[in-house]
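Novice: pasting the sequence and the predicted model now:
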Amino acid sequence: MKNLIDIKDLSVDEIQELIKVAKDIMQFPEKYSERCKHKKLATLFFEPSTRTRLSFESAMMELGGNVLGFSSADSSSTAKGESVSDTIKVVGGYCDIIAMRHPKEGAPLVASLKSDVPIINAGDGGHNHPTQTLTDLLTISCEKGRLDNLTIGLCGDLKFGRTVHSLITAMVRYKNIKFVLISPEELKIPDYIKEEILDKNKIEYVETNDIEEHMDKLDILYMTRVQKERFFNEADYIRLKDYYILNKEKLEKAKKDLCILHPLPRVNEIATEVDDDPRACYFKQAKYGKYIRMALILKLLEEADWYEYR
Ligand code: CP
């Protein structure tokens, strides 16, 4: 049975197929409106979410299926001390597929080892967020028309930002990808990403703390929020939270066809004056998330059915 725990669980060809199906769904939604009739998705969110949970639920509804779940650990029996493994074993009896978010790195992997139904990692701590990456890839494919030959600026909290870790892991598989890693010293990309992913794949990258230094070279600028919930010390968060605020002035040297992305939620890292700029794609990006999650649900359910009847 196929789960999605890490973006590496999908080959480049499988990602390409998901993007193709998502684009077809966007064009012909009626073709898909009953594809998940009588199927149920459980969304188990042990950590807050707006986009990921609601886009998963909306995706399943648009496929004609049903949804159940909880949106916080406090409203589930986790509050009484139930383990993730027991929760998954039980919920697997009520649904056909599970999307789960958990503050602990690796929790969705543990869940997948115990589950009778496919598990989708909807974000685990500061580790991974593969469905955000699929969203980002669909957005880049639609907005830039390609996934190769891109210079990508990643800006903000590169240490705790799980969306950045997953996106780098995915993009290094495409041709001629370069990264500009923009962060304060304390929030630099972890060494394991540099050594295991960037260096191992011979990817060109530079590190800087200056958002404007390489602005003129970027095809994509991926802004991120400083991850308040991962800080041990509030004073450090307060000192770093407004380190980067992208505004019109900082975009003066940017390419005319720059694509500005942000996984959202935004706090202060992009001034609202940028929202009207045609290069601002972050709200479109959130919408693309629904279509790629529809494609993913279809794929995993089809594979689970095949596994069951084989
Ligand atoms: N991008 C993202 O994961 O947003 P949510 O936390 O609102 O799900």
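Specialist: Structure received.
Novice: per-residue pLDDT, the residue nearest to residue 165 when sequence neighbours are not counted?
Specialist: Leaving aside its chain neighbours, residue 165 sits nearest to residue 193 (5.9 Å; criterion: CB to CB, 6 or more residues apart in numbering). (C-beta placed from N, C-alpha, C; glycine too.) Residue 193 is assigned a predicted lDDT (pLDDT) of 95.
Novice: residue contacts, residue 193?
Specialist: Residue 193 makes contact with 165, 168-169 under the criterion CB atoms under 8 Å, 6 or more residues apart in numbering.
Novice: please identify the helix or strand for the residue of the stretch 101-250 of the chain found nearest the ligand.
Specialist: In the stretch 101-250 of the chain, the residue that lies nearest the ligand is residue 132 (5.2 Å; CB to the nearest ligand atom). Here residue 132 sits within helix 130-144, counting by DSSP states H and E.
Novice: next SSE downstream of that helix?
Specialist: Following helix 130-144 in sequence, per DSSP H and E, is strand 150-155.
Novice: residue of the stretch 51-200 of the chain nearest the ligand, please.
Specialist: Counting by CB to the nearest ligand atom, the stretch 51-200 of the chain gets nearest to the ligand through residue 52 (3.3 Å).
Novice: quick check on residue 280: phi, psi?
Specialist: Per-residue torsions, residue 280: phi -80, psi 110 (degrees, to the nearest 10).
Novice: what's the spacing between residue 148 and residue 127?
Specialist: 26 Å (CB to CB, to the nearest Å).
Novice: so between these two, which is more surrounded?
Specialist: Neighbours per residue (other CB atoms under 10 Å) separate residue 148 from residue 127, with residue 127 holding more: 20 against 11.
Novice: got a list of what the closest residue to that one other than its chain neighbours touches?
Specialist: In this structure, residue 127 finds its nearest non-sequential neighbour in residue 105, 3.9 Å apart by CB to CB, 6+ apart. Residues near residue 105 by CB under 8 Å, 6+ apart: 124-127.
Novice: and residue 105, what element?
Specialist: With DSSP H and E as the test, residue 105 turns up in no helix or strand.
Novice: let me know the secondary structure of residue 296.
Specialist: Recorded secondary structure, residue 296: helix (DSSP: H, G, I helix; E, B strand; the rest coil).
Novice: that one touches residue 133, doesn't it?
Specialist: No. Contact criterion CB atoms under 8 Å: residue 296 and residue 133 do not qualify, at 11.2 Å.
Novice: the ligand contacts on the chain?
Specialist: Within the chain, the positions lying close to the ligand (CB under 6 Å from any ligand atom) are 49-52, 123, 132, 263-265.
Novice: report the beta-bridge partners for residue 69.
Specialist: residue 43 (DSSP bridges).
Novice: state the pLDDT value of residue 238.
Specialist: pLDDT, residue 238: 83.
Novice: burial measure for it, as a count.
Specialist: Using other CB under 10 Å, the number of residues around residue 238 comes to 12.
Novice: try residue 199
Specialist: Residue 199: 12 surrounding residues under other CB under 10 Å.
Novice: in contact with it, which residues are there?
Specialist: By CB under 8 Å, 6+ apart, the contact list for residue 199 is empty.
Novice: could you check how far it is from residue 285?
Specialist: Using CB to CB, we find residue 199 at a distance of 29 Å from residue 285.
Novice: please name the residues that touch the most centrally placed residue in the chain.
Specialist: With distances taken as CA atoms, centre = their mean, the residue of the chain nearest its centroid is residue 132 (1.5 Å). Counting by CB under 8 Å, 6+ apart, residue 132 touches 52, 123, 162-163, 166-167, 263, 289.
Novice: what's whichever helix or strand residue 15 is part of in contact with?
Specialist: Following DSSP H and E, one finds residue 15 within helix 12-27. For helix 12-27, contacts defined as CB under 8 Å, 6+ apart pick out 10, 31-32, 134, 137-138, 141-142, 170, 173-174, 288, 291-292, 294-296, 298-299.
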